[in-house]
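Asks: This is a predicted model, with the sequence first.
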Amino acid sequence: MIEGILVGHHERIDDDWMTGTTVVLCPRGAVAGYESRGGAPGTRETDLLDPRNLVERIHAVMLTGGSAYGLAAATGIVDWLEQRQIGFPLGTQPHEVVPIVPGAVIFDLGRGGNFSHRPTAEFGWAACEAAEAGPVRQGTVGAGAGAKAGGLKGGVGHATVTTPSGVTVEAIAVVNAAGSPVDPRTGRLFSDVNGTLASPAPAEVAALPAPHRSMLNTTIGVVYTDAALTKAQCQRLAGSAHDGLAIAIRPAHTMIDGDTVFTLSIGDVPVADPVQFDELIAASAGAFTEAIFNGLVAATGSHSFSAYRDVCPSAFLASPGGAG
């Protein structure tokens, strides 16, 4: 993990619950940007990320289920940060701060069985309490608890890429797409660009569930790097992450998706020239594709949704990359 980033999840999966919240904390502050390409985004505090606007550093990003209702989880994150005197300073006293917490939601309402069960401020607080600098939990956790991708169970994935210049780029994706993550002809995941898994058996390919779109879906995520970037450069990296999304999900950026990606610059590694920045652009796309792959591979079936590993178990047997 890049120093200065903490990731936490809180989810509830039982009876008629299937939803959760993920937080990416940057307590020291981070320069940030974002880009939304879906036709139905649900977001908060994104106008502040415009390079023309005042705030230069944010303190967390929220990714959550619950559609527009789930935005309430941000209150818990803001309260948690305020209690620790972390935020944009607006007075002479240490506690006089306003935490800056952009965020985005996925649509998972009713997937656990009860439309009224969605994240609240308590989910955001609990995700902050669970945040840590160690390995990121993946699969059916946090904001990915109620996620689906096409007809399969979605989830949270994480990936790390290092550029030839030595800059680190990490990505977290919450995979909840209207489009399909699977090639219907071969049964392989589009995001498996490195050939990590084996080809599933023909009978399993034939049994793959057809994508069934709900009214709203949305894949969301965060890309963060130890490079020292401006807000405009962060915005450019968020756009390249969407390119990685389009490789992994087909179709992407539909009118019933709210696909949104945030970028955080948390470090002080200089980007000396356009060649090095192009390396970052490629790494952002690659990391986001890999994060989607990891989220789908780590997902476990829940309620009426089967995971890819449930439907295509042979893909994980004697696979080239040993993902089984």
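Replies: Nice, thanks for sending it over.

Asks: Scan this protein for its longest helix.
Replies: Under DSSP state H, the helix in the chain containing the largest number of residues is helix 274-298.

Asks: same for that helix, what does it pack against?
Replies: Contacts defined by 3 or more CB pairs under 8 Å, 6 or more residues apart in numbering; DSSP states H and E place helix 274-298 against strand 156-162, strand 168-174, strand 220-227, helix 231-248, helix 308-311. C-beta here means a position set from N, CA and C on the backbone, and glycine is covered the same way.

Asks: buried ones in that helix?
Replies: 276-277, 279-298 (16 or more other CB atoms under 10 Å).

Asks: likewise stretch 197-217?
Replies: Within stretch 197-217, the residues that count as buried by 16+ other CB under 10 Å are 197-200, 204-205, 208, 211, 216-217.

Asks: Now compare the residues you listed and name the two farthest from each other.
Replies: Based on CB to CB, the longest span within the buried residues of stretch 197-217 runs between A198 and L216 and measures 33.9 Å.

Asks: okay if I get the helices and strands packed on helix 274-298 as a markdown table plus distance to V7, mean pLDDT and mean neighbour count?
Replies: Shown next, in a markdown table, are these (distance: least, CB to CB, whole Å; pLDDT from 0 to 100; neighbours: other CB atoms under 10 Å):
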| stretch | distance to V7 | mean pLDDT | mean neighbour count |
| --- | --- | --- | --- |
| strand 156-162 | 8 | 98 | 23 |
| strand 168-174 | 7 | 98 | 30 |
| strand 220-227 | 9 | 98 | 30 |
| helix 231-248 | 17 | 97 | 23 |
| helix 308-311 | 23 | 96 | 21 |
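
Asks: Nearest to A60, out of those?
Replies: Proximity to A60 (CB to CB) singles out strand 220-227 among the helices and strands packed on helix 274-298, at 10.0 Å.

Asks: for that closest one, the distance to its chain's centre please.
Replies: Relative to its chain's centre, strand 220-227 lies at 10 Å (CA atoms, centre = their mean, to the nearest Å).

Asks: who does it touch, helix- and strand-wise?
Replies: Using 3+ CB pairs under 8 Å, 6+ apart as the contact test, the elements touching strand 220-227 are strand 17-36, strand 58-64, strand 168-174, helix 231-248, strand 260-269, helix 274-298.

Asks: Could you figure out how far that strand is turned away from strand 58-64?
Replies: Between the axis of strand 220-227 and that of strand 58-64 there is an angle of 150 degrees, by axes from the mean of the first three to the mean of the last three CA atoms, to 10 degrees.

Asks: tilt between strand 220-227 and strand 260-269?
Replies: Here strand 220-227 runs at an angle of 10 degrees relative to strand 260-269 (the same axes, to 10 degrees).

Asks: What is the neighbour count of V23?
Replies: Around V23 there are 34 other residues, counting by other CB atoms under 10 Å.

Asks: show me what contacts it?
Replies: For V23, the residues meeting the contact criterion (CB atoms under 8 Å, 6 or more residues apart in numbering) are 7-9, 60-63, 77, 124, 127-128, 131.

Asks: now, among the residues you listed, which is nearest to A228?
Replies: Taking the contacts of V23 together and measuring to A228 by CB to CB, the closest member is V61, at 18.7 Å.

Asks: Quick check: beta-bridge partners of that closest one?
Replies: Partner residues in beta bridges with V61, using DSSP bridges, are V24.

Asks: From C234, how far off is it?
Replies: For V61, the distance to C234 under the criterion CB to CB, to the nearest Å works out to 12 Å.

Asks: between the two, what contacts are shared?
Replies: Common neighbours of V61 and C234 (CB under 8 Å, 6+ apart) are 32, 264.

Asks: Make TSV out of the contacts of V23 and add distance to G144 and pLDDT.
Replies: Conversion of the contacts of V23 to TSV gives the following (distance: CB to CB, whole Å; pLDDT from 0 to 100):
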residue	distance to G144	pLDDT
V7	12	98
G8	13	98
H9	8	98
A60	18	98
V61	15	98
M62	14	98
L63	9	98
I77	17	98
G124	16	98
A127	12	98
C128	17	98
A131	16	98
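
Asks: gap between the longest helix of the chain and the chain center?
Replies: Using CA atoms, centre = their mean, the distance between the centre of helix 274-298 and that of its chain works out at 12 Å.

Asks: got the angle between it and strand 156-162?
Replies: When the same axes, to 10 degrees is applied, the directions of helix 274-298 and strand 156-162 differ by 150 degrees.

Asks: Okay, angle between helix 274-298 and strand 168-174 too, please.
Replies: Angular relation of helix 274-298 and strand 168-174 on a 0 to 180 degree scale: 40 degrees, by the same axes, to 10 degrees.

Asks: sorry, back to before: can you tell me which of the buried residues of stretch 197-217 are in helices?
Replies: For these, secondary structure assignment (DSSP H) places 204-205 in helices.
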